[in-house]
Every structure is written in structure tokens, then in C-alpha cells.
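In: based on what follows, work out the 3D shape:
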Amino acid sequence: MKKYDGKLQQITSFIEGKMKVEGVGLSVAIVKNKERIFSKGFGTSRIGNDLFYIDGETRMSIQSISKNFAALSIMKLVDKQLVSLDDPVVNHLPYFRTQVKHQSDSITIRHVLSHTAGFPSDLGIANMIAPNVSEIFSDTPTEFQEALDYYHLTEEEIRSVKSREDVTKWFEKVELQYEAGKGWAYCTDAYVIIADIVEKVSGRGWDTFLSEEILEPLSLKRTTSDPTVVLNDDNSAKYYLGEGKEETPFPMNPVSAPIGYLYSTANDLSDYLMFHMEGKSTVLPSVFTQEMQKIVRPVSEEWQFDSNDRSYGLAWFIDTYRGFRRVEHGGGQMAVRSLMTMIPELELGVVVLMNFDGTMHHEICDKILDVFIGE
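Out: Just a heads-up that it's a prediction; the model follows:
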């Protein structure tokens with residue numbers, strides 16, 4: 001689009017300059033006024049003798065952006081009048097409880113979605129059940145055991161978890177940090193409970209529900225929860241950590257897919273952002289996507305990220321950037337970095353996906369916002 005050529009060239013030059021200094025590969029997409037105006041890859045998706053150039057269609061781990069898809073699944077059930085956000089979780093999962101049952105009986109779906117349920121932030125159970133967890137914690141002979149000890153878990157315990165219902169039932173050992181609704185702590189494990197609710201209410205596995213109710217209607221054809229599909233796709237990324245760019249274990253965890261183990265592309269996520277900005281009644285009325293973007297509670301200090309007003313809605317962080325309301329969610333683990341950001345007032349959305357560690361995704365996103373806010 002010629003009207004944006006100058007801005008896009010400025011952005012391209014900035015990213016190319018950053019990639020000369022560090023990095024392996026990243027994929028960027030920009031949407032403006034209901035159109036994707038930019039989709040480009042920089043660097044490679046894999047290191048090796050054969051060059052695998054990265055592009056807007058490269059499948060990559062999106063980590064905690066996955067939570068947004070889990071939350072949207074709940075909103076589909078709300079639209080179908082099968083659940084209410086203020087239903088207690090036990091209404092749909094009678095086996096859900098924490099150490100003190102009468103406290104957890106008051107935890108609602110909204111509490112879980114907004115990280116205000118009272119759960120501690122460092123439970124570990126959902127990530128530790130990854131099938132390759134021992135490979136992830138293998139830098140030293142004792143690292144895996146040290147991780148188990150840190151989370152107060154046993155190897156037998158994590159091996160016994162086979163389903164999302166098992167994760168929900170595991171929460172009976174959790175001691176709440178605060179009364180539901182009275183605080184905020186980012187508990188990644190809790191989003192497995194969200195998927196368990198979807199499964200029990202809909203009668204379908206969450207992965208099937210997600211595909212049939214969200215991915216297919218939105219034509220997000222390269223978004224999936226199946227790691228084997230991604231591993232068998234030549235246009236998919238591997239991940240590289242540190243200055244030495246050491247390849248890390250592939251991020252896969254099917255049971256915990258809703259917390260951070262979906263895979264997508266910059267192009268698919270840019271379409272997903274457009275859906276959240278404009279709403280498509282054939283998929284979900286905009287009243288429900290707007291509900292997700294409403295502030296529930298300010299985040300804790302360690303999640304402020306230099307913002308004076310950072311808060312959380314339902315799987316969205318919300319704050320202001322240069323006077324504009326910014327709505328976003330990111331993700332990261334080892335050498336995976338992902339970020340999707342939108343400025344609804346400007347009908348502007350940005351997606352940055354990387355296969356190496358660092359903060360470049362935020363720097364690139366901020367540059368893109370600066371270029372367009374300055375118009």
C-alpha cells in the first residue's frame with residue numbers, strides 16, 4: 001500500500017539494523033484500518049547448512065498468547081448461554097477445590113481468566129508435565145530434580161497427570177494467597193482449568209472446540225495445538241538461546257496447550273487482531289471481545305514493565321502508550337518470544353514472533369507504534 005511505503009521502509013530499516021547486531025529470525029505483521037499492510041520475515045527459522053528463511057507464514061510457538069484463545073473459547077460458551085463469567089468454577093467442575101474448599105467454592109470463571117482467583121504465581125505443574133521436561137532441565141545432572149524441588153513436585157506426581165481434569169484436581173493442594181477478587185497474580189497453570197471447563201460444558205476436547213469454533217471460522221489455517229503438525233512442517237521454527245545460539249528443546253505440551261503451547265504465524269495472528277478490533281458477528285459478537293478488553297484489576301509490580309497504569313482484563317494486558325489505549329499479550333519461554341499488540345483507536349495492530357531470547361520484540365513493536373502514532 002503506497003500510502004504507507006515511507007513508514008514501512010522506516011520500520012524495515014530499523015529491524016534490519018537490529019538483526020545485524022543480534023538475533024536468528026523474526027516475523028512481523030502489521031494491520032491498519034482492517035487490512036494487513038505488512039508481513040515480512042527477517043533472518044532464518046533454523047540454523048544449519050540449509051537456509052530456512054522466515055516469513056509471515058512460518059509456524060512458531062506463541063507461548064502465553066495461547067491464553068487469549070482459551071479465553072475466547074469461554075466467550076463462545078457465554079455467547080451460547082452455556083456459562084456465565086460469574087459462575088463459580090465448581091458449578092461446571094464439581095471436583096475443583098483448593099486446600100480450603102469454602103474459599104475455592106467462590107472462585108468464578110472471571111477470576112480464573114483475570115488472574116484474580118488467589119492462586120500463587122509459581123505453581124509449575126502445567127509446565128512440568130511437558131513430555132520433554134527432563135530434556136528442558138538437563139544443563140546439569142541435578143537440574144531436573146532441582147526444578148521438581150523448587151515447585152514441591154515429585155516425578156511420580158507429574159507423570160500421573162494425563163489430562164486437563166487431572167490438572168484441575170491437582171489444585172486441591174494449592175493454598176490461596178488472597179481472597180478471590182481481592183488481588184492479582186499471574187498464574188499460568190490456571191488456564192488449564194479454563195480448557196477443562198470448555199471440555200466439560202461443550203462435550204468436546206478443547207483442541208477440537210478451538211478448531212471448530214474459532215480457528216476454522218476465522219480461517220486461521222496455520223494455527224494449531226498439535227506439535228507433530230508443526231514439527232513436520234518445513235516452514236516452522238526452531239529456537240536458539242543465548243549468545244551461543246544453542247538450540248533449545250522444542251516447546252511442546254499438549255495437555256497444557258491452553259497456557260502456552262499453541263503454534264501460529266504472524267499472518268494468522270494479524271488476522272486474529274483484526275477480529276478483536278472489528279468483531280465478526282458470524283464468529284462472535286463484538287460485545288464479547290470488548291468484554292475481554294475491559295480492565296479487571298491492576299497487575300502486580302513485577303508485571304508493570306515501566307507502565308504507570310498497566311492492568312489486566314480477560315487474557316489481555318491493558319495500559320496506555322503515548323496517550324493511546326494499548327491492548328496486548330505476549331509470551332516467552334527459553335528462546336521463544338511472542339507479542340501481539342493493538343491500538344484500537346488507530347485500528348493498528350502489531351505481531352512480532354521471534355525464535356531467540358531477548359527484548360527485541362518489544363523494541364520493534366514500540367518502533368512501529370511510534371511511526372504510526374507520529375503520522
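
In: quick one: the strands in the protein, in order.
Out: For the chain, the strands defined by DSSP state E occupy 25-32, 35-46, 52-53, 60-61, 240-241, 246-247, 263-264, 297-298, 311-312, 317-321, 324-333, 336-343, 348-354.

In: which one, of those, ends up nearest to Y178?
Out: Y178 lies closest, by Cβ to Cβ, to one member of these: strand 297-298, at 11.2 Å. Every residue, glycine included, has its C-beta placed from N, CA and C.

In: relative to that closest one, what are the paired strands and their orientations?
Out: Its sheet considered, strand 297-298 pairs with strand 311-312 (antiparallel) by DSSP bridges.

In: let's see the distance spanning stretch 236-253 from one end to the other.
Out: Length of stretch 236-253, first residue to last, Cα to Cα, to the nearest Å: 17 Å.

In: then stretch 51-62?
Out: Terminal residues of stretch 51-62 are spaced 22 Å apart (Cα to Cα).

In: check stretch 17-35 too.
Out: End-to-end distance (Cα to Cα), stretch 17-35: 26 Å.

In: how distant is it from the center of its chain?
Out: 18 Å (Cα atoms, centre = their mean, to the nearest Å).

In: next, the buried residues of that stretch.
Out: K18, M19, G23, V24, G25, L26, S27, V28, A29, I30, V31, K32 (16 or more other Cβ atoms under 10 Å).

In: likewise for stretch 101-119?
Out: Neighbour-count burial for stretch 101-119, with 16+ other Cβ under 10 Å as criterion, is recorded at 103-104, 107-119.

In: do the same with stretch 40-57
Out: Buried-residue list, stretch 40-57, by 16+ other Cβ under 10 Å: 40-47, 52, 54-57.

In: stretch 3-13 now?
Out: Counting neighbours by 16+ other Cβ under 10 Å, stretch 3-13 gives Y4, K7, L8, I11 as buried.

In: which ones among those residues map onto helices?
Out: K7, L8, I11 (DSSP state H).

In: pLDDT score assigned to the last one?
Out: Here the pLDDT value assigned to I11 is 98.

In: hmm, K367 and it touching each other?
Out: Yes: using Cβ atoms under 8 Å, I11 is in contact with K367, at 6.5 Å.

In: mutual contacts of the two, please.
Out: When contacts are counted by Cβ atoms under 8 Å, 6 or more residues apart in numbering, I11 and K367 have no shared neighbour.

In: residues in contact with the lowest-mean-pLDDT helix or strand in the chain?
Out: Ranking every helix and strand in the chain by mean pLDDT, DSSP states H and E puts strand 52-53 at the bottom, with a mean of 92. Here strand 52-53 makes contact (Cβ under 8 Å, 6+ apart) with G41, G43, T44, S45, R46, D234, N235.

In: and that strand, how far from the chain's centre?
Out: Averaging C-alpha positions (Cα atoms, centre = their mean) puts strand 52-53 24 Å from its chain's average.

In: mind listing the strands that strand pairs with, and their directions?
Out: strand 35-46 (antiparallel).
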